[in-house]
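Participant: Prediction below, plus the sequence it came from.
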Amino acid sequence: MVADPAETGFDLPAGAFRALDWAATGATGPTALLLHGLSGVADVWCDTVGALGESRPRCVAVDQRGHGHSPATPGRYRVGDHVGDVRTLVGRLGAPVHLVGHSMGARVAFVTAARRPELVASVVVVDIGPEAWVANIDRTTRMFRSMPTRFADRAEALEFGQLYGSGPGAAERFVEQRLRPQPDGTFTWLASADGLVETVSAHRRRNFWAEWDALAVPTLLVRGGTSGELRPRTFEQMRRRNPRVEVVELDGVGHNVPLLAPQRLAAEIVTFWSRLPVDGERDADQRQ
């Protein structure tokens with residue numbers, strides 16, 4: 001059984017970032033850095049990392065800027081800002097790393113890999129496309145603006161938390177990981193709606209096809225088969241425009257793959273990692 005992660009942190013230029021660190025006994029290969037999606041936290045990766053098995057590398061998941069216990073940075077939520085955080089984190093963890101990202105985090109991961117390939121051993125892109133999508137901004141903004149800003153007590157927070165998973169303890173994890181208790185007994189969000197709206201607006205207002213086309217490090221693209229976020233047309237276009245990328249579609253799974261199908265996602269990641277060249281072979285490939 002994979003041990004629970006240690007809660008830790010990294011002092012980056014934007015502030016102190018919370019992270020979870022799953023040490024790996026005897027692991028000698030690159031560390032895996034896991035990046036959550038919009039409104040998520042590092043903890044969404046717990047089940048996936050647990051399903052990777054004992055032979056996995058060291059895994060580190062971070063609350064990204066504007067999320068969880070990491071700093072809010074109004075006016076600085078562009079993809080490039082997130083990429084800067086990843087670059088600094090990789091410097092602390094030791095390059096190269098395996099990048100694994102979901103949704104917003106997947107976009108940050110493949111843009112990092114395209115712009116700074118020397119930092120990245122491989123990248124797993126889970127259910128996101130490179131396209132600009134204004135309608136997505138509008139829909140996501142309406143969703144965040146419609147959510148309650150405060151919960152009267154823990155019971156009300158737990159009731160809302162049932163929307164974030166139906167498994168044992170899911171509502172409790174929602175309260176612990178995403179809400180902040182107040183002195184008067186109420187609960188508020190750790191992440192501000194304004195920051196989340198600014199993030200999706202910055203990320204979805206431009207496209208990143210140039211980075212996708214340039215991506216040359218070993219890459220796995222995973223689509224949830226019923227996802228409305230990575231649309232089938234975009235998925236096929238990504239496959240066609242960069243044939244170097246391995247692709248897999250998980251039938252019957254929606255957008256939130258790390259929470260909906262962590263075992264299936266972990267199995268695909270393990271298989272992908274098992275096919276990667278060892279360091280010497282990778283160096284030879286790069287010289288050819």
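Facilitator: Good, I have the coordinates. Quick caveat, the model's predicted, so the values are computed rather than measured.
Participant: List the contacts of residue 124.
Facilitator: Applying C-beta atoms under 8 Å, 6 or more residues apart in numbering, we find residue 124 in contact with 98, 99, 100, 101, 106, 109, 219, 220, 222, 269, 272. (Each C-beta comes from the backbone N, C-alpha and C, glycine too.)
Participant: what sits opposite the fourth one in the beta ladder?
Facilitator: Right, the one you point to is residue 101. With DSSP bridges as the criterion, residue 101 is bridged to residue 35, residue 125.
Participant: In this structure, where's the longest helix?
Facilitator: Counting by DSSP state H, the longest helix found in the chain is helix 79-93.
Participant: what about the residue of the chain most remote from its centre, which helix or strand?
Facilitator: Farthest-out residue of the chain from its mean C-alpha position, per C-alpha atoms, centre = their mean: residue 184, at 33.2 Å. Counting by DSSP states H and E, no helix or strand carries residue 184.
Participant: Quick check: it vs residue 151, distance?
Facilitator: 12 Å (C-beta to C-beta, to the nearest Å).
Participant: repeat for residue 53
Facilitator: 37 Å.
Participant: out of the two, which sits in the more crowded spot?
Facilitator: When neighbours are counted by other C-beta atoms under 10 Å, residue 53 and residue 151 differ, and residue 151 comes out ahead with 22 against 12.
Participant: Tell me which residues touch the more buried one, please.
Facilitator: 157, 160, 179, 186, 187, 188.
Participant: Of these, grab the buried ones for PyMOL.
Facilitator: Those of the contacts of residue 151 that count as buried under 16 or more other C-beta atoms under 10 Å are selected in PyMOL with:
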select buried, resi 157+160+179+186+187
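Participant: and of the contacts of residue 151, the nearest to residue 253?
Facilitator: Using C-beta to C-beta, residue 160 is the member of those that sits closest to residue 253, with 23.7 Å.
Participant: Now the closest one: closest residue in space that isn't a chain neighbour?
Facilitator: Residue nearest to residue 160 in three dimensions, not counting chain neighbours: residue 151, with 6.4 Å by C-beta to C-beta, 6 or more residues apart in numbering.
Participant: Okay, now the unreliable bits of the stretch 101-250 of the chain?
Facilitator: Within the stretch 101-250 of the chain, the ranges that satisfy pLDDT under 70 run 165-166.
Participant: Which residue ranges of it form helices?
Facilitator: Listed in chain order, the helices of the stretch 101-250 of the chain (DSSP state H, counting those that start in this stretch) span 104-115, 134-146, 154-161, 170-178, 193-204, 209-214, 232-241.
Participant: My guess is residue 235 contacts residue 129. True?
Facilitator: Yes: if you go by C-beta atoms under 8 Å, residue 235 and residue 129 touch, sitting 7.3 Å apart.
Participant: Show me which of the two is the more surrounded one.
Facilitator: residue 129 (24 against 18).
Participant: domains for the chain, by residue range?
Facilitator: 6-130+207-287, 132-205 (automatic domain parsing).
Participant: burial measure for the closest residue to residue 43 other than its chain neighbours, as a count.
Facilitator: Distances taken as C-beta to C-beta, 6+ apart place residue 177 nearest to residue 43, at 4.7 Å, with adjacent residues excluded. For residue 177, the neighbour count with other C-beta under 10 Å is 19.
Participant: what residues are up against residue 177?
Facilitator: By C-beta under 8 Å, 6+ apart, the contact list for residue 177 reads 41, 43, 68.
Participant: Looking at these, state which has the most neighbours.
Facilitator: Highest count within these by other C-beta under 10 Å belongs to residue 41, 25 neighbours.
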